[in-house]
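Trainee: here is a sequence together with a model predicted from it:
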Amino acid sequence: MARRPDRVRFDGRILFLVDDAELLRRQLAGEDLEWPVGVPLRDNISTDEITPAYICYYYDETLGDFPYLGLQAGDEFPVTRGSVRGGGFACSVSGKRRGKGSSREQSPYAEMMAGIRLIVAENIERIYRENCQNLGVLTSTDFSLIERVRRGEEIPLSVFTEGEGEITRGIIEHGGLFDYNVARIQGKVQVPGVATAERPMTLAEKIVARHWVTDLSRDEVGVAHVRPGDEGFTRTDIRFSHEYVTPMAAIFWRDYVGEDEGIVDPESVFFFRDHLTFLEIAMTEERKAQGLLDVALELKAKQEKFAEQQGVRLYGELPRLGPHMAVVGSEAICHSKILEQHALPGQLIIGTDSHTPHAGAMGAVAFGVGTTAIFNSWLTKDVRIKVPPSVLVRVNGRKPENVTAKDFMLQILRHPYVKNGNAIGKIVEYAGAAVEALSIDERATMTNMAAEVGAFTGIVRPDEKAVEFLARERGLDPEEVRPLLDGLFSDDGAEYETLIEFDAGELEPMVALPGDPGNGLFLQELGGPVKIDIAYAGSCTAGKKSDMDMYARVFKEALERGERVHSDVKCFIQCGSQEVKRYCEREGYLEIFQEVGAEFIEPSCGACINAGPGVSYDRETVTVSAINRNFPGRSGPGQLYLASPYTTAASAVAGRIVGWEPSS
């Protein structure tokens, strides 16, 4: 495969993503700004803003028409279709935490197809950065490059590989992950071995070491020790993707590998139709008129066809109630099903979604990857990794009854270390008496929201609760499960970059203000009543059995007081899987939800991905939600407050954001 030249030049303009709508419009119209630009660069640009969810219905070069359509500057969205591609830009510049949020590779792919070849930002989120590298888009945190690009200089490629490990350097030099992997399979590049000396390791490091690929051609796996900075490939136990990603990866497979070639070990691969099952009834008439529904339905058809060709298990959508009826949901949200049915302690799991760490509640190393990485894993069954540093979050004490794992996370997310981006790309291990007391479901809320931390993954040491979960949920023999836990703990003396510690007994119910999950406040700090229009209880984060227990408890108590969902509020409860729905049926929760005035809906990512009941339709709509993130536009244009299941249900009844107080 051809390698990149040793020097690169970026022929094109520089687009500064600033927090000034008029200045953005002027750049798109042809004006070039001087550096420094004199106004703040946009921080915290999420992939939801680079490519809003509906843009991801496209999965080919058409994406080049759409980068930054969701970018908010003040109260405006100044970027229009085709304006970036038409502007002749080669470089895009922004501030802190570029590419946070969803793992969607459509974002850097859209930028690349629009002509962007270089991303410069103060710091860059791990998955987004890897997606750029895998596609061949260069990234840097060095703002001195801006003038060199403007002058049309040839810049040494070593500027972009300096400080990188040998594998990442090779991927950049080969122009992307696939070309590097082909050279690897052909023996034209040698993956460096690991020579880390004996050392105490964290739980996650131990799991990574067990899965380290030492020789791909001989299928040899496992090393004694790894440490942060070690770079290599790790063997996966589970690989999964959903309909936003599978079609693009399938096209890569067809174009680069061959349509008739089979995926390696298809039994360990799973596809999901879980993001867009409610789209037919949720999409606005305006977007339907634009043909977006037809485009989105192509994702479904493409994934189904590829699953059949490859013999891969597809967790699909529920059958229609009639020939002219809309789909009513899916079998399961991917994260819910992986934890319920597939993940085991000590496994290494990858998925094409930033919330893949959900399975870390089982003591697995589970992390999100992009389209190119999942496509390459179908070929090699492994994934590249640079062992990240670890952060220990220890939650001590005993939590109040109305405080939940979600409140733990909102407290963690507002911690300066996290909010300033210092945890980006790191392993977060949750420990302490308050975490140990949580159920597996509640632990999954914490590992799931490692994505909001910006972490590589989140993990909890597996214990007897994991054994009980596997026995109860899957019927496994506890005596066969317990040996899986051997050695799955962090050694005394294991290295952590930092310790975040707090006492759960001092916490109160929390809420995150609209715009970012890091905007956490105790409810008493809100400063006044916040009237709500929508209460949304669901998603992978908050659609588990323990979450349903919380909703039902609050609503049952409300009914006993003669109260129902407030007349001004629409309340939706969405479960994470059919298994959770069956649990609600057994426990009598569906009757409680109906009687209290909440609408129970089938599994789907739904409103959390701006594609289902519970989305807002104007900027004035106020929503309180138990989902995991509230970036601009994430669940419609309205004001979205994040809260726990208890707070979401109590607020639905009160008509304003309030905490739940347990009855004595």
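Mentor: Sure, I can see it.

Trainee: residues touching the residue nearest to Ala307 when sequence neighbours are not counted, list them.
Mentor: Leaving aside its chain neighbours, Ala307 sits nearest to Leu314 (4.1 Å; criterion: Cβ to Cβ, 6 or more residues apart in numbering). Where you see a C-beta, it was placed from the backbone N, CA and C, and this is true even at glycine. By Cβ atoms under 8 Å, 6 or more residues apart in numbering, Leu314 lies in contact with Phe270, Phe271, Phe272, Arg273, Gln303, Glu304, Ala307.

Trainee: helix/strand/coil for Leu314?
Mentor: What DSSP: H, G, I helix; E, B strand; the rest coil gives for Leu314 is strand.

Trainee: that one and Thr352, how far apart?
Mentor: 14 Å (Cβ to Cβ, to the nearest Å).

Trainee: what does Met113 give?
Mentor: Met113 is 19 Å from Thr352, by Cβ to Cβ.

Trainee: those two: which is more packed in?
Mentor: Thr352 (29 against 21; other Cβ atoms under 10 Å).

Trainee: and the more buried one, what is it in contact with?
Mentor: By Cβ under 8 Å, 6+ apart, the residues touching Thr352 are 103, 105, 240-242, 244-246, 249, 368-371, 374.

Trainee: highest neighbour count among those residues?
Mentor: Ranked by the number of neighbours (other Cβ under 10 Å), these place Glu105 first, at 33 neighbours.

Trainee: so what's it up against?
Mentor: Asn131, Asn134, Leu135, Val245, Met248, Thr352, Gly370, Thr371, Thr372.

Trainee: rewinding a little: who wins on neighbours among the contacts of Leu314?
Mentor: The most crowded member of those, judged by other Cβ under 10 Å, is Phe272 (31 neighbours).

Trainee: distance from the chain centre to the longest helix seen in the chain, please.
Mentor: In the chain, with assignment by DSSP state H, the single longest helix is helix 292-310. Put simply, helix 292-310 sits 22 Å off its chain's centre (Cα atoms, centre = their mean, to the nearest Å).

Trainee: show residues contacting it.
Mentor: 54, 57-59, 243-244, 246-247, 250, 253, 259, 262-263, 266, 269, 271, 273, 276, 279-280, 283, 287, 312-314, 316-317.

Trainee: what do you get for stretch 218-226?
Mentor: Contacts for stretch 218-226 (Cβ under 8 Å, 6+ apart): 194, 196-199, 201, 205, 208-214, 235, 387.

Trainee: report the buried members of these.
Mentor: Buried by 16 or more other Cβ atoms under 10 Å: 194, 196, 201, 205, 208-214, 235, 387, out of the contacts of stretch 218-226.

Trainee: one step back: for the residue nearest to Ala307, give its distance to Gly99.
Mentor: On the measure of Cβ to Cβ, Leu314 and Gly99 end up 29 Å apart.

Trainee: next one: Tyr128
Mentor: 3 Å.

Trainee: tell me, what's touching these two both at once?
Mentor: Thr47, Ser107, Pro108.
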